[in-house]
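[1] The following block contains a protein sequence and its predicted model.
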Amino acid sequence: MISRIFMGLYLLATFSLASSAEGPNIILIFCDDLGYGDVGCYGSTKNRTPILDQLANDGVRFTDFYSSSPVCTPSRASLMTGCYARRVGLHEAETGHWVLIPRNKRGMNPDELTMAEMLKVQGYATACIGKWHLGDQEPHLPASHGFDYYYGIPYSNDMERADRGDPPLPVVRDATVIEAPADQSTLTKRYTQEAVAFIEQNKSAPFFIYLPHTFPHTPLFASPDFKGKSANGTYGDSVEEIDWSTGEILKALDKNGLKENTLVIFTSDNGSNGRNGGSNAPLSGNKGSTMEGGMRVPMIARWPERIPRGSVVKELATTMDFHPTFAALTGAAMSGQDIDGSDISQLLFAEPDARTPYKAFYYYRRRQLQAIRYGDWKWHLPLEETHPKWTSAEPSGKGRQGKLVNLATDLQEKNDVSARHPEVMEQMEKFAAEAINRLGNDAKTGSGQRLAFDLPSSVPMTLKK
């Protein structure tokens, strides 16, 4: 299935002879549940991450970078489309589920232009290597959304529940299951090998590699070369293997003379769950919550030709910004549909006067607007009931009081200063009304919302021998 938008852009590029890209190669490494405090250059003293620390020294590190969601599927939908997940209908899977599960009928709408489709029109070779989690039926898989090649698992590595009828966790190449159950201990190593091979095969043309790692999502695994080697248990083992993996990819760029004109980005889909050794320090809250620890994530980028070494950016930016930024860097055409991200090239290049494009950033959890950031101010909206209830700040789980905090002085988000700043609260109320009108809230549909794509039926992925 090919999206109508993608086909239109493809024909436009063909007739205008505009399909040869002049932008950089792009490698986007996207970890699963890696916390803000899990990398050395963000303060970790347990996990050894020398490659990532050097990547930050050689490029730029963002301190206030966000995923649009504290859970997997919506964060990936935002990444691919440049939109809040509510806008594209992937803010929740179905009643009772926070994310897409095996055999789900729902997935990315083919009328959404993904970053891969956009770059493919520009002549990029495109690969998705790792965890997809935007639908496991064939019309939802990466090949139907702009990727020339796919290798990985279609959803989270804990989704093989026999009581739910889940099949054994599959490893998929393009649309074919080649292994089930997956040998999870070798996944990071195999993803690395696949990425290096793709670089070798496409070194003469521009390429885009999207590498969404399986780990450190639980259950945790590491290959024999890393198992039991860290000071932070299996969690640290998996993080240190991801660090090694990044190093192997950087070596492949060096070997093929591609280092200078390749943009390498390293980030995470949401915060750590705070268990098994994961850390969001010095932030409060964990995966699944709209506290800072649930959605503020590490982000490191290197592009020797353009990014000054050792840069630090303290302006707010998000994963939704990659899509329009890649368009700006490559000259690619956007879909023309409304998106929520912005071109952050100036921030990426650490230009002195660059500022965040966000007047307000919205913290959505499932169907619900739970918080808003405006400058250093963050307002936790008063809620009669939170979704899910375990994210509630109240012990009873039956709702919470609203509060205004200043993140510049209160990263733990403890001190309500709303009474002292009525002018900020007035502005926050306006932002909330705007968000709810545009993106919706709870069961209310917003004027700017579009639909996900639901198939009439679904089948489990099975090994084809």
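    Done, it's in.

[2] Domain ranges for this protein, per the record?
    Residue ranges for the domains of the chain, per automatic domain parsing: 4-348, 361-439.

[3] okay, these in CSV with mean pLDDT next?
    CSV is the format used below for those (pLDDT from 0 to 100):
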stretch, mean pLDDT
domain 4-348, 93
domain 361-439, 89
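
[4] Between those, which one is closest to P456.
    domain 4-348 (7.4 Å; CB to CB). For glycine as for every other residue, the C-beta is placed from the backbone atoms N, C-alpha and C.

[5] that older thread, just the domains of the chain: most buried one?
    When neighbours are counted by mean count of other CB atoms under 10 Å, the highest per-stretch mean among these falls to domain 4-348, a mean of 21.

[6] related to what we said a few turns ago, nearest to K464 among the domains of the chain would be which one?
    domain 4-348 (6.0 Å).

[7] Pick out the residue nearest the middle of this structure.
    The centre of the chain sits closest to D269, judged by CA atoms, centre = their mean, with a distance of 3.7 Å.

[8] Contacts only, for that residue.
    F30, C31, D32, D33, S67, C72, S75, R76, L79, P212, V297, T319 (CB atoms under 8 Å, 6 or more residues apart in numbering).

[9] Distance check, it against G233.
    21 Å (CB to CB, to the nearest Å).

[10] tell me which element the closest residue in space to I199 that isn't next to it in sequence falls in.
    Of all residues not flanking I199 in the chain, A252 sits nearest, at 4.7 Å (CB to CB, 6 or more residues apart in numbering). Using DSSP states H and E, A252 falls within helix 233-255.

[11] How far away from the center of its chain is that helix?
    Relative to its parent chain, helix 233-255 has a centroid offset of 19 Å by CA atoms, centre = their mean, to the nearest Å.

[12] Kindly spell out which helices and strands sit in contact with that helix.
    Secondary-structure packing of helix 233-255 (3 or more CB pairs under 8 Å, 6 or more residues apart in numbering; DSSP states H and E): strand 25-31, helix 50-58, helix 187-201, strand 262-268.

[13] the strands in the stretch 1-150 of the chain, which residues?
    25-31, 60-62, 65-66, 106-107, 125-129, 149-152 (DSSP state E, counting those that start in this stretch).

[14] can you redo these as JSON lines with distance to A443?
    Converted to JSON lines, these look like this (distance: least, CB to CB, whole Å):
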{"stretch": "strand 25-31", "distance to A443": "30"}
{"stretch": "strand 60-62", "distance to A443": "35"}
{"stretch": "strand 65-66", "distance to A443": "25"}
{"stretch": "strand 106-107", "distance to A443": "17"}
{"stretch": "strand 125-129", "distance to A443": "33"}
{"stretch": "strand 149-152", "distance to A443": "34"}
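
[15] could you measure K229 against D33, distance?
    Distance from K229 to D33, by CB to CB: 20 Å.

[16] With F431 instead?
    29 Å.

[17] which stretch among the strands of the stretch 1-150 of the chain comes nearest G440?
    It's strand 106-107; of the strands of the stretch 1-150 of the chain, that one is closest to G440 (CB to CB) at 16.9 Å.

[18] which residues sit against the closest one?
    With CB under 8 Å, 6+ apart as the criterion, strand 106-107 contacts 89-90, 93-94, 100, 134-135, 137, 139-140, 452-455.

[19] give me that answer again for 7 Å
    A93, E94, L100, L134, G135, Q137, P139, H140, A452, F453, D454 (CB atoms under 7 Å, 6 or more residues apart in numbering).

[20] Looking at those residues, which is nearest T290?
    A93 (18.6 Å).

[21] S272 touches Y42, doesn't it?
    No: between S272 and Y42 there is no contact under CB atoms under 7 Å: 11.6 Å.

[22] For the stretch 251-400 of the chain, which segments count as strands?
    262-268, 299-302, 311-313, 317-318, 361-365, 368-374, 377-380.

[23] mind listing what the third one pairs with, with the direction of each?
    Think strand 311-313. Partners of strand 311-313 in the sheet, by DSSP bridges, are strand 60-62 (parallel).

[24] which residues are contacting the strand it pairs with?
    C41, M299, I300, A301, I307, S311, V312, V313, A317, L348, A350.

[25] ok, 10 Å please
    For strand 60-62, the external contacting residues (CB atoms under 10 Å, 6 or more residues apart in numbering) are 39, 41-42, 52-53, 55-56, 265-267, 296-303, 306-318, 344, 347-350.

[26] Looking at the strands of the stretch 251-400 of the chain, which is nearest to M159?
    The nearest among those, by CB to CB, is strand 262-268 at 19.2 Å.

[27] for the closest one, packing partners?
    Packed against strand 262-268, as judged by 3 or more CB pairs under 10 Å, 6 or more residues apart in numbering; DSSP states H and E, are the following elements: strand 25-31, helix 50-58, strand 60-62, strand 65-66, strand 207-212, helix 233-255, strand 299-302, helix 322-330.

[28] Next, format these as a markdown table and append distance to G446.
    Formatted as a markdown table, the helices and strands packed on strand 262-268 follow (distance: least, CB to CB, whole Å):
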| stretch | distance to G446 |
| --- | --- |
| strand 25-31 | 27 |
| helix 50-58 | 37 |
| strand 60-62 | 28 |
| strand 65-66 | 20 |
| strand 207-212 | 28 |
| helix 233-255 | 36 |
| strand 299-302 | 28 |
| helix 322-330 | 20 |
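
[29] Figure out which of those is closest to F361.
    Smallest distance to F361 across the helices and strands packed on strand 262-268 (CB to CB): 6.5 Å, for strand 65-66.

[30] now what about that closest one, what contacts it?
    Outside strand 65-66, the residues touching it (CB under 10 Å, 6+ apart) are 36, 75, 78, 267-268, 270, 292, 294-301, 313, 315-321, 344, 347, 358, 361, 363, 373.

[31] 8 Å instead, please
    T267, M295, R296, V297, P298, M299, L316, A317, T318, T319, F361.

[32] Perfect, that will be all.
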